[in-house]
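Colleague: My questions concern the predicted model and sequence given below.
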Amino acid sequence: MRLLKLLLILFVCAAGPAVAGPYEDAVAAYERGAYATAKRLWGPLAEQGDPDAQYQIGMMSYRGTGVPKD
């Protein structure tokens with residue numbers, strides 16, 4: 001019984017709310033159409049070598065979202 005209580009407590013603590021980082025915040029911004037915010041959040045990550053952020057910045061440029069069109 002004591003082990004069951006301990007496992008239950010550990011499960012509840014581990015199932016706490018997830019914390020979103022800048023990448024996830026950028027995804028949420030992009031999905032709601034806030035392209036400038038997404039680019040601002042992905043930019044530093046891409047410069048630090050994050051391949052996912054680099055890809056997203058590249059796709060924004062390719063699609064013309066969040067960048068000036070020429």
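Modeller: Cool, the structure landed. Numbers count the residues shown, from 1 in each chain.
Colleague: what comes into contact with stretch 30-40?
Modeller: 26-27, 29, 56-57, 60, 65-67 (Cβ atoms under 8 Å, 6 or more residues apart in numbering). (C-beta placed from N, C-alpha, C; glycine too.)
Colleague: rerun at 10 Å
Modeller: Defining contact as Cβ atoms under 10 Å, 6 or more residues apart in numbering, one finds that stretch 30-40 is touched by 22, 25-29, 41-42, 46, 53, 56-57, 59-61, 63-67.
Colleague: tell me which element Lys39 falls in.
Modeller: Using DSSP states H and E, Lys39 sits in helix 35-47.
Colleague: And the residue nearest the centre of this protein?
Modeller: Taking Cα atoms, centre = their mean, the centroid of the chain lies closest to Glu24, which sits 1.3 Å from it.
Colleague: got the angle between the helix or strand harbouring that residue and helix 35-47?
Modeller: Taking DSSP H and E as the criterion, Glu24 maps to helix 22-31. Interaxial angle, helix 22-31 versus helix 35-47 (axes from the mean of the first three to the mean of the last three Cα atoms, to 10 degrees): 150 degrees.
Colleague: mind listing what's buried in helix 22-31?
Modeller: Residues of helix 22-31 classed as buried: 26-27, 29-30 (neighbour count, 16 or more other Cβ atoms under 10 Å).
Colleague: just how off-centre is stretch 22-37 within its chain?
Modeller: Stretch 22-37 has its C-alpha centroid displaced from the chain centroid by 8 Å (Cα atoms, centre = their mean, to the nearest Å).
Colleague: Let me fix that, I meant to ask about stretch 62-70.
Modeller: 21 Å.
Colleague: So for it, mean pLDDT?
Modeller: Per-residue pLDDT values over stretch 62-70 give a mean of 80.
Colleague: quick one on the thing from earlier: among the buried residues of helix 22-31, which one sits closest to Lys5?
Modeller: Closest approach to Lys5 among these (Cβ to Cβ): Val27, at 38.0 Å.
Colleague: For this protein, give me the ranges with low pLDDT.
Modeller: 4, 6-8, 10-19, 69-70 (pLDDT under 70).
Colleague: now do 90
Modeller: Residues of the chain meeting the criterion pLDDT under 90: 1-20, 64-70.
Colleague: still on that earlier bit, any idea which of the buried residues of helix 22-31 is the one closest to Leu3?
Modeller: Val27 (39.5 Å).
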